[in-house]
Structures are given as structure tokens and as C-alpha cells.
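Student: Below are the sequence and a predicted model; questions follow.
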Amino acid sequence: MDNIETHAPGDAPAGEGRPVVRTPLILFLMSSSYIAITLNIQGFVGMLPLVQREFVLSGAEAGLYTSFYFLSATIIAVLSGRIVDRIGTGWGLILGVATVAVMMLLHAISPFYALILVFAFVTGMGFSLVTPSVSKGVTENVRSSRRASAMGIVHGVGGSGALIGTAALPYLGQLYGWRVVLAVTGAIAGVIALSIYRFYPRKSHPDSRSSTAASESGDEAPGSESFRRDIAEILGNGPFITICVLGVVFGMSLSSITGHMTLFLTQDLDYTPAAAGIGLAAFHVGGIFGQPGWGVINDRFLAGRRRFGLIVLALLTGTMALFFGLIVSTGVLPFPAILVSSGLLGFFVLGIPGLYFTSISELASGRQAGLATGVALVFSRTGVVFAAPVFGFLSDRTGDYSTSWIALAAVVLLIAVSVTSLSQRYKMP
């Protein structure tokens, strides 16, 4: 992170006459917001068996948690992008992380599972503020030539929260109880929110000033003519929508793999739950390297060709899903080879969001960066909401996950080919 060039939000974009400040602070604070989110959410999901045992839940009832969380995050994705455009990246990060912190503390003391689902819904709203804040923050603070690398670093470092949450929290929950563990991680999120409040520079950005002025007159309110005009402009941007289609690949792959990897390893390949957890952790380890790695690859070796880089990642993701369906599912590979395969899958799948949100922010005007990110999130989160149930349904109908993997591969590869065709239509590089 030391080599990423940033500038204060109040300055003009780097390279336009303003001095550039070399500091990793802004990127670190944005990364910490993701750590707070993923540590708590993935950690709670990892502890669901303990929650299930306490509240005597069916598998379907336990699975509602993820649905409630992503449902709210999807519903308000566009609105949250507009909110970030109006209040700025710093306040967006603070409010998002603080919301998650409070909701996790309420999770820990909730006497009913139905109430936890309500808190999950609100948690999704808080999470919805973080991604557009990060996307807009990187656009404001990092030179375009290094933007994909910076976005990858933020998402990659932030992904360490998911790794810790899935690998450590279930074990700690068994020792001390899931409520105690969740109270601690919620408090950690609160400390991170306070740190962002203390250290993130919240000067008015030129774009945000104009947006604020407009909001005071009511022109930027959701449902206003200005809001509808901006949405129409974004949705009418062919290259933008083409990139958004690739976001569906990320959502589908992420939800299918994280939601079913442990079930696949235990049910189809007869590994213990502990070993299956290690297999899922390998996926997240691959992602920690994949996020910054693919940003560097795109900036340095693909000449910043975001669309081309995303198509490559989609093709690699589809190929790996096919490999799991045809080879891994047969049980012929030893466990170390499965871990390597899972790591490669994470390297490809979790390498997508950095390039994806960099592309989205660059295709939108500075004033619309948050709103555009919100629209892009609708595409990716739609994939999240619908893919995992279908992935599981195919497994239930066929008796194993091989067909699920092959179906995922087919859809992902079809989307990659379709985007290639659309890119030629819009003459995208």
C-alpha cells in the first residue's frame, strides 16, 4: 500500500495540478471498513450451526439469515449510492460500519431468532453504504493508472476479515458461546468506525459540494427529477450495463461457492466439518491474493483494459467450476490438491470485485460515482440472492453437487461470451 499515490478528498484528482500525498492511511481505513463487515457477517454465518442449535431451527430457517441480509442490501443499493454521493465517502464509511457494529451487539442479546432476522435486514442496509463509499473514495483519491491496484488492495485486505471469521469464530463460539464472540466482534467494528471518524479526511470534494447544494434545494432527493434523470443516464450507458452484466458472474459464483463449499466437501466427499471449513478458508486465502493481484495484473500487464480483464476472470471462473464438477466431485484428488483448487477458485472469483468496481467508477461521472456503484450492486447482488438456492436445488434433485458445478460453469461461460459480443457492439477496448 506504500506505493499507491493518493490525494486528499478536497484536492483535485491526482495529476491535475494539485500536490499528491503519498500515504496508505486512506486505503487502510477503507480496508478496515471491509474487515469490520466481513469479520462480523461471515463470522456469524460460520456460527449458524451454534445459533441453529440454540433456537432449534430447521436448515431452511437458518438459511433465511443470508436472504434477509442480502435482500435489504439489494433493495437499497441504488439509494445508498445516492446517499454516499451526497454525504461523502468518509461519512458513508462511518455510518455503514457503525450500523453493523450496533446490529451485531443487538444480535448478541436477541432472545428470538425472528428478531435476529430483523437485525440482519438492517445490517444489510449498513453494508450497502460501504461498497459505494469505497468505490467513490478510490476514484477520488488514487490516480487512474493505479486505481485497479488500489481497489484490489482495499478489497483484498478487507477480505482477511472473512478469512478470520470463517476460520476462527466458529471455534471460538464453541468455546465461549456465539453471543460472547459476536459481542466482541461487534465492539471491534465500533472501534473501527470511531477510527474512521477520527482519521479519515472528510473535506468536501468538488463533486460532493455541487451534490450537496443540489440536495439542499431538493433536486437530489430520491424520486426527484434530477434523481430520475441520473438513473436514466446511467441505465442508458451501454458500456456501463455491459460491465454490470459481468457483476452477475461475481454474485452467482460467490454465493454458490461460499454457501455450499462446506456442504459439498462433507456430503459428496465425506470430509469432516473441520476439514470442510479449511477448504472454504482456502477459497478466502486465494481471494486475499487475488484482489490486489488482479488489480496489479490489469494495471501493469493488461494496460488498464478493465473489460478484458473481467472477461478473462469470468472465463477462468467458469473453467474452474467445470473442473470442480468433472474432476473434484469424483473424489480422485487428495485433500491438498482440493485446497489448491479451492484457493485458485478464490483467486479468480474474488479477483473480480476490484476490477468490477474500478470499471464502474470510471464509466460514471464523478458526481454519479456512488449512484453508479449502487446500480452495479443491484446486478451483483441479484446473482447472490438467486444463485445459491438454485445451486442447492440442483444438488437436492440429483443427489450430489456435480451437476450444480457444471450448471454454474455453463452460465458463467455463457455470460462471458455474451459480454464479449456486447463489447464489440459498443466498441469497448
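Tutor: That came in fine, so what should we check first?

Student: ok, then the element right after the worst-scoring helix or strand of the chain on mean pLDDT?
Tutor: Across the helices and strands of the chain, mean pLDDT, DSSP states H and E gives its lowest value to helix 206-216, namely a mean of 41. The helix or strand immediately downstream of helix 206-216 is helix 225-235, counting by DSSP states H and E.

Student: Can you list the helices and strands that that following helix packs against?
Tutor: Under the contact definition 3 or more C-beta pairs under 8 Å, 6 or more residues apart in numbering; DSSP states H and E, helix 225-235 sits against helix 369-398. Yep, even glycine has a C-beta here, placed from its N, CA and C like the rest.

Student: List the buried residues for stretch 344-360?
Tutor: Neighbour counts over stretch 344-360 (16 or more other C-beta atoms under 10 Å) mark 344-360 as buried.

Student: In helices only, show me the residues you listed.
Tutor: Taking DSSP state H as the definition of helices, those contribute 344-349, 352-360.

Student: quick one: which of those residues is nearest to Arg143?
Tutor: Thr358 (12.1 Å; C-beta to C-beta).

Student: Distance of the closest one relative to Ile243?
Tutor: 10 Å (C-beta to C-beta, to the nearest Å).

Student: anything in contact with each of the two?
Tutor: Arg306 (C-beta atoms under 8 Å, 6 or more residues apart in numbering).

Student: which residues in this structure form strands?
Tutor: Counting by DSSP state E, the chain forms no strands at all.

Student: pLDDT below threshold where in it?
Tutor: By pLDDT under 70, the low-scoring segments of the chain are 1-23, 58-60, 62-63, 202-225, 227, 364-369, 423-429.

Student: Nearest residue to the middle of it?
Tutor: By C-alpha atoms, centre = their mean, the chain has its centre lying nearest to Pro353, at 6.6 Å.

Student: rewinding a little: would you check which pair of the ones in helices among the buried residues of stretch 344-360 lies furthest apart?
Tutor: Counting by C-beta to C-beta, the most remote pair of these is Leu344 and Ile360, 25.7 Å apart.

Student: give the contact list for the residue nearest to Phe289 when sequence neighbours are not counted.
Tutor: Spatial nearest neighbour of Phe289, excluding adjacent residues (C-beta to C-beta, 6 or more residues apart in numbering): Phe347 at 6.0 Å. Applying C-beta under 8 Å, 6+ apart to Phe347 gives the contacts Gly286, Gly287, Phe289, Gly290, Gly293.

Student: can you do 10 Å?
Tutor: The contact partners of Phe347, taken as C-beta atoms under 10 Å, 6 or more residues apart in numbering, are 283, 285-291, 293-294, 313, 316-317, 320.

Student: I'd like those residues written out as JSON lines, with neighbour count added.
Tutor: Below are these laid out as JSON lines (neighbours: other C-beta atoms under 10 Å):
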{"residue": "Phe283", "neighbour count": "25"}
{"residue": "Val285", "neighbour count": "21"}
{"residue": "Gly286", "neighbour count": "25"}
{"residue": "Gly287", "neighbour count": "27"}
{"residue": "Ile288", "neighbour count": "21"}
{"residue": "Phe289", "neighbour count": "17"}
{"residue": "Gly290", "neighbour count": "29"}
{"residue": "Gln291", "neighbour count": "28"}
{"residue": "Gly293", "neighbour count": "20"}
{"residue": "Trp294", "neighbour count": "29"}
{"residue": "Leu313", "neighbour count": "28"}
{"residue": "Leu316", "neighbour count": "19"}
{"residue": "Thr317", "neighbour count": "28"}
{"residue": "Met320", "neighbour count": "25"}
